[in-house]
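J.: need coordinates for the following:
(one chain, ligands or ions: 2)
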Amino acid sequence: MAVWFARSRNLVSSLRHNLCLSTILVKGDYSHHRPVVSTSQLSPTVFLSPYVSSLRHESTAVVKQPDLVQHSDEEDVLQELDFPGGNVGCTSEMKFIPASSSRRIPCYRVLKEDGRIIPDSNYFPVSEQLAVRMYEQMATLQVMDHIFYEAQRQGRISFYMTSVGEEAINIASAAALSPEDVVLPQYREPGVLLWRGFTLEEFANQCFGNKDDYGKGRQMPVHYGSNRHNYLTISSPIATQLPQAAGVGYSLKMEKKNACAVTFIGDGGTSEGDFHAGLNFVAVMEAPVVFICRNNGWAISTHTSEQFRSDGIVVKGQAYGIRSIRVDGNDALAVYSAVRSAREMAVTEQRPVLIEAMTYRVGHHSTSDDSTKYRAADEIQHWKMSRNPVNRFKKWVVNNGWWSEEDESELRSNTRKQLLQAVQAAEKCDKQPLKELFNDVYDVKPKNLEEQELGLKELVERQPQDYPPGFHV
Ligand SMILES: Cc1ncc(C[n+]2csc(CCOP(=O)(O)OP(=O)(O)O)c2C)c(N)n1
Ligand SMILES: [Mg+2]
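T.: Ligands and ions are numbered 1, 2, ... in the order given. Below is the predicted model:
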């Protein structure tokens, strides 16, 4: 017999006990299968040893720590038991918690697709000046992506990754942070660096790996980093930035800084062990770290359905004891408010916060990828046109009378010109001498590196035809 009760869970629970009905289901309960053993067959003593029972009164009387007690909202708790991790209510029902909650965690949003604000939204107001700057930076990021992508296609740079579809996460999160907050990026967050004042010339120098690149041309394009802007250099191995963020956050805490660490990760990155180590470390150390997960549906060609079976990432934050929120990553106002609140909580309460920003990777994973091989072209088109975060924010800014089509064309053509100049200058600029390849990692160069340096020098001298004219180590 399966009867659905939508209202009183206590009523259901007491009916179960009194009528010995093992299959009364609460609406939304995932345990649809018949229990192996009916509740009437089980005695509470199966679970409570006499030794534990004798401590019951003491434990509940001595410490009442409601925050530490996770009462199930469905079951009658018989009494509390004290375990090393705190008091736990106990139940005579053998019931596994469901694999996921009955309802998916909702997604916080403020702006509708038509650029109007959802009535009664709860968000931080954004001034005209801030809104215009946010929009300008989103548009600049679009132009930058376009020019560098084309430069790669023309063979002028070796590699590039766009942020197309994720402009709102990039810019709105950056706008909500303080410049002292230390950012540990994955790689699809150049907009944060743009917001902080990294110039288009600096972006171009890195992509061309010339002598003005802060990494001295030793990294792939898009692996930006800037001490001046508190933006740690991107490293290719996915998720290494999370345990590093734990260390950065903890050091900010020890130094009593009014700042937090902010680290970005993709949905795919959450499958790495470092994601879990980072979250747990930060939760336990109570470090001021904001985790921003860009859940864009894909990790190269791996869809999220092949990546995890949980309700996305937001529930993983909670599993580690981290306050978490799911937000519409294509809604700049929602991202701004969520990140600003998260940052405030992290700094004032000295605790981590996790944000799962739902979005879609409109571009290919990188210039080494062709995403039409594993996803439908009309799916990409849908997100590009109907769910475009830049267009949505623009509608709001235009509706407020803060932006016009003249402003738009002026901004785009100036940015384009500036970028083309930056690309040309970066391309002409000399590279670092090859010997720089062997510097900076060690204070004193070890013998094996000296040998490799000598070996490379000999190779260049032996086969000069394989290297540009005048090239030497
Ligand atoms: C440890 C490690 N494994 C694999 C890779 C290869 N790799 C580079 S990006 C990527 C996908 C990451 O996807 P996601 O985290 O969702 O970020 P997105 O590209 O979607 O922004 C993979 C598997 C890597 N760089 N490092
Ligand atoms: Mg992804």
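J.: tell me which stretches of the protein form helices.
T.: Remark: helices assigned in the chain by DSSP state H are 9-19, 50-62, 128-153, 167-176, 190-195, 200-208, 241-254, 273-285, 314-319, 332-349, 377-385, 389-399, 405-428, 447-462.
J.: out of those helices, nearest to ligand 2?
T.: Between ligand 2 and these, the tightest spacing by C-beta to the ion is seen for helix 167-176, at 11.5 Å. Glycine gets a C-beta too; all of them are placed from N, C-alpha and C.
J.: buried residues of that closest one, list them for me.
T.: Within helix 167-176, the residues scored as buried using 16 or more other C-beta atoms under 10 Å are 167-176.
J.: so which bits of the stretch 201-350 of the chain are right by ligand 1?
T.: Where the stretch 201-350 of the chain comes near ligand 1, counting by C-beta under 6 Å from any ligand atom, the residues are 236-238, 266-269, 272, 294, 296, 298-300.
J.: could the buried residues of helix 167-176 go into TSV alongside distance to residue 315 and pLDDT?
T.: What follows is these, written out as TSV (distance: C-beta to C-beta, whole Å; pLDDT from 0 to 100):
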residue	distance to residue 315	pLDDT
167	27	98
168	23	98
169	20	98
170	25	98
171	27	99
172	23	99
173	21	99
174	26	99
175	27	99
176	23	98
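J.: okay, the helices of the chain, which one's buried deepest?
T.: helix 167-176 (a mean of 28; mean count of other C-beta atoms under 10 Å).
J.: compute the inter-axis angle for that helix and helix 332-349.
T.: 40 degrees (axes from the mean of the first three to the mean of the last three C-alpha atoms, to 10 degrees).
J.: helix 167-176 and ligand 1 in contact?
T.: No - judged by C-beta under 6 Å from any ligand atom, helix 167-176 and ligand 1 are separated, with a smallest distance of 10.2 Å.
J.: same for that helix, what does it pack against?
T.: helix 128-153, helix 190-195, strand 289-295, helix 332-349, helix 389-399 (3 or more C-beta pairs under 8 Å, 6 or more residues apart in numbering; DSSP states H and E).
J.: any chance of these in CSV, plus mean pLDDT and distance to ligand 2?
T.: Below are the helices and strands packed on helix 167-176 laid out as CSV (pLDDT from 0 to 100; distance: least, C-beta to the ion, whole Å):
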stretch, mean pLDDT, distance to ligand 2
helix 128-153, 98, 17
helix 190-195, 99, 16
strand 289-295, 99, 6
helix 332-349, 98, 16
helix 389-399, 98, 16
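J.: switch the ones you listed over to JSON lines; also include distance to residue 181.
T.: Formatted as JSON lines, these follow (distance: least, C-beta to C-beta, whole Å):
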{"stretch": "helix 128-153", "distance to residue 181": "17"}
{"stretch": "helix 190-195", "distance to residue 181": "10"}
{"stretch": "strand 289-295", "distance to residue 181": "8"}
{"stretch": "helix 332-349", "distance to residue 181": "7"}
{"stretch": "helix 389-399", "distance to residue 181": "22"}
